[in-house]
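Visitor: Sequence and predicted model, in that order:
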Amino acid sequence: MLRADCRVASHRRAIATLLADYMQDPMGGAARPLTPHQRRAMLDGLAALPTSLVLLLFIAERPVGMAVCFRGFSTFNAAPLLNIHDLIVAREHRGNGLGRCLVREAERIAGEMRCCKVTLEVRRDNRIARKLYRSCGFSEGEKPMGFWTKPLPRKILNRE
């Protein structure tokens, strides 16, 4: 396992490959993969964002797992937190403990950063991921929260 450097070409390829596969997975739910422009913007954005943390897992030099995380801040706890935004394991390697390895490494790094907690969001219909997260000690919390979203118009985001 390694911390990705989004400026390194081999890491960029691994991130793009795993994300593209995940987006096409039923649990990824994307209608289509990122365009080359969007892929470049995603990789450049991760590289430029000082709060991003990308963990990569390889087997025989092939990328098989990734956790994309972002450091945030808990106002209620007056301390940093780490959010696991994407947790991806290549389909043919699922069920072998790789997701658990990624979660545990994210937790270890969160501890080094003196975070008060690790957060994530998971689809309600993703039974397998929910089982993994529960087994790692995650829960919906004392007061379950929903993840809401509001897409912004393309012109605001300056997308092509």
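Guide: Sure thing, it's come through. This structure is a prediction, so every number in the text was calculated from the model and none was measured.
Visitor: List the residues that contact L34.
Guide: 16, 19-20, 23, 42 (CB atoms under 8 Å, 6 or more residues apart in numbering). For every residue, glycine as well, the C-beta is placed using N, CA and C.
Visitor: ah, wrong one, I meant D44
Guide: By CB under 8 Å, 6+ apart, the contact list for D44 reads C6.
Visitor: can you list the residues that contact the helix or strand hosting R100?
Guide: Using DSSP states H and E, R100 falls within helix 98-112. Residues from elsewhere that reach helix 98-112, judged by CB under 8 Å, 6+ apart: 1, 53, 55, 57, 64-67, 69, 81-82, 84, 87, 89, 117-118, 129, 132-133, 135-136.
Visitor: Mind checking which of these are buried?
Guide: Among those, those classed as buried by 16 or more other CB atoms under 10 Å are 53, 55, 57, 64-67, 69, 81-82, 84, 87, 89, 117-118, 129, 132-133.
Visitor: before we move on, the earlier item: so what are the sheet partners of the following helix or strand past the helix holding R100 and their directions?
Guide: Reading on from helix 98-112 to the C-terminus, the next helix or strand found by DSSP H and E is strand 118-120. Paired neighbours of strand 118-120 in the sheet (DSSP bridges): strand 79-89 (parallel).
Visitor: Identify the residues contacting the partner strand?
Guide: For strand 79-89, using CB under 8 Å, 6+ apart, the contacting residues are 18-19, 21-22, 53, 57, 64-74, 98-99, 102-103, 106, 109-110, 113-120, 129.
Visitor: Look up the residues forming beta bridges with the most centrally placed residue in the chain.
Guide: Centroid-nearest residue in the chain: D86, 2.1 Å away (criterion: CA atoms, centre = their mean). In this entry, D86 is beta-bridged to V68, by DSSP bridges.
Visitor: Counting neighbours, which of the contacts of L34 comes out on top?
Guide: Highest neighbour count within the contacts of L34, by other CB atoms under 10 Å: L19, with 21 neighbours.
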